[in-house]
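Q: dropping a prediction and its sequence here:
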Amino acid sequence: MAAPIAARLAAAASNVAGKALRGGVADLRPVPRVLIDQGPNRTVYRMAPGAVPPSGPPVLLVPPLAAPALCFDLRRGCSLAEHLVDAGRRTYLVDYGTVAFSDRRLGVEHWIDEVLPRAIRKVSEDAGGQGVHLVAWCLGGIFSLLTTADQPDLPIESIATIAAPVDFTAIPLVAPFRPLIDLTNGHLLTPIYRALGGAPSYIVSRVFRATGLSKEITKPLAILRNLDDRDYLAQIEAVDHFMDNMAAYPGRTFGQLYHRFFRANDLAEGTVDLGGRVISLSGVKTPTLVVAGETDTIAPQLAVRRLVDLLDNAPSVRFETAPGGHLGVLTGRRARGTTWRYIDEFLTEQIGT
């Protein structure tokens with residue numbers, strides 16, 4: 001018994017020293033990358049090759065709005081981008097950058113008409129004209145599906161969505177606010193987001209943290225209990241770094257999400273009305289993987305599972321659940337053996353290697 005205790009004490013001392021002297025124990029170095037395209041709210045990178053030379057069709061990582069693109073590259077050892085590169089896949093990332101007050105008039109149309117189509121075409125071109133396989137998280141998944149449904153000529157071969165909710169009535173977190181929103185005919189938040197030009201990054205960060213309030217409260221105790229576990233401490237540091245880099249939602253986009261997705265719950269019926277322009281998910285005609293987090297409070301399983309019933313023209317739809325909350329299901333420590341394995345299997349089925 002003495003030896004394990006001594007080993008744990010030594011590990012804890014080393015970790016404390018790492019935090020005190022080096023600022024932390026997490027390896028936050030990003031995967032090396034090369035810029036291949038840039039435009040308004042769009043920076044596209046090709047990830048540098050790893051030990052295995054890249055081959056096959058390209059995989060494009062699509063983040064949501066507000067959350068930084070580092071969601072796919074959280075830290076070394078817990079980076080989906082690193083995992084794909086190490087597997088020899090041609091891996092690309094689109095980054096929306098920061099959102100300014102001057103972007104307040106940008107709506108959902110901007111992302112599905114301009115940002116994603118241009119990124120997809122550039123990735124295809126950079127990969128020698130091959131079709132693109134999308135791997136998208138949260139709202140990035142919804143935008144990817146809408147883009148695919150609306151523009152079938154795009155070179156999209158498949159879509160893997162992680163924690164992308166489509167039925168907002170199945171999200172318990174928002175249920176208490178619905179009576180007040182209905183009472184005010186949906187105008188409860190309208191003057192606020194219009195005055196602010198959207199949802200500022202500091203509010204987005206605080207709301208995201210609030211969804212895991214119990215973990216935030218118990219975090220100091222959890223750190224003390226796991227001082228000898230470097231991987232555990234590194235993950236907490238990486239998540240804090242992620243939270244500190246949240247971006248804003250543009251005003252018009254936030255308004256559309258609030259009124260069409262949240263209030264009207266359009267997507268639960270498979271369509272969304274963007275100012276008289278109706279896009280139907282029945283237009284998605286590519287194989288799709290749908291992954292939900294088992295303890296996700298932002299995108300619960302029921303809210304995500306509904307998507308399977310709406311993709312009636314997709315040649316195949318695979319639904320999986322994996323451990324973790326909203327971020328954890330994408331890039332938590334257990335995602336390495338669950339969500340990432342599902343993505344690997346799905347891509348292998350589509351690509352054949």
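A: That came through, no problem.
Q: just confirm Gly141 is within a strand.
A: No: in this structure, Gly141 is helix, not part of a strand, as judged by DSSP: H, G, I helix; E, B strand; the rest coil.
Q: I'd like the distance between it and Gly88.
A: 25 Å (Cβ to Cβ, to the nearest Å). Just so you know, the C-beta spots here come from the backbone N, C-alpha and C atoms, and that holds for glycine as well.
Q: number of residues surrounding Thr169?
A: 14 (other Cβ atoms under 10 Å).
Q: Asn265 is in contact with that one, correct?
A: Yes: taking contacts as Cβ atoms under 8 Å, Thr169 lies within contact range of Asn265: 5.7 Å.
Q: do a quick rundown of the helices in the stretch 151-300 of the chain.
A: With DSSP state H, counting those that start in this stretch as the criterion, the stretch 151-300 of the chain has helices at 178-183, 190-196, 201-210, 213-225, 230-243, 251-256.
Q: what is the neighbour count of His259?
A: For His259, the neighbour count with other Cβ under 10 Å is 16.
Q: kindly apply the preceding question to Arg118 instead.
A: 16.
Q: low-confidence stretches in the stretch 201-350 of the chain?
A: Across the stretch 201-350 of the chain, the ranges flagged by pLDDT under 70 are 201-219, 222.
Q: give me the distance between the two termini of stretch 51-64.
A: Start and end residues of stretch 51-64 are separated by 29 Å (Cα to Cα, to the nearest Å).
Q: what's the average pLDDT for it?
A: Confidence over stretch 51-64 (mean pLDDT, whole number) is 94.
Q: got it, and stretch 125-135?
A: pLDDT averaged over stretch 125-135 gives 97.
Q: which residues of the stretch 1-150 of the chain fall in strands?
A: 33-39, 42-47, 55-62, 89-95, 132-137 (DSSP state E, counting those that start in this stretch).
Q: just say which of the ones you listed is most tucked in.
A: By mean neighbour count, with neighbours taken as mean count of other Cβ atoms under 10 Å, strand 132-137 ranks first of the strands of the stretch 1-150 of the chain at a mean of 27.
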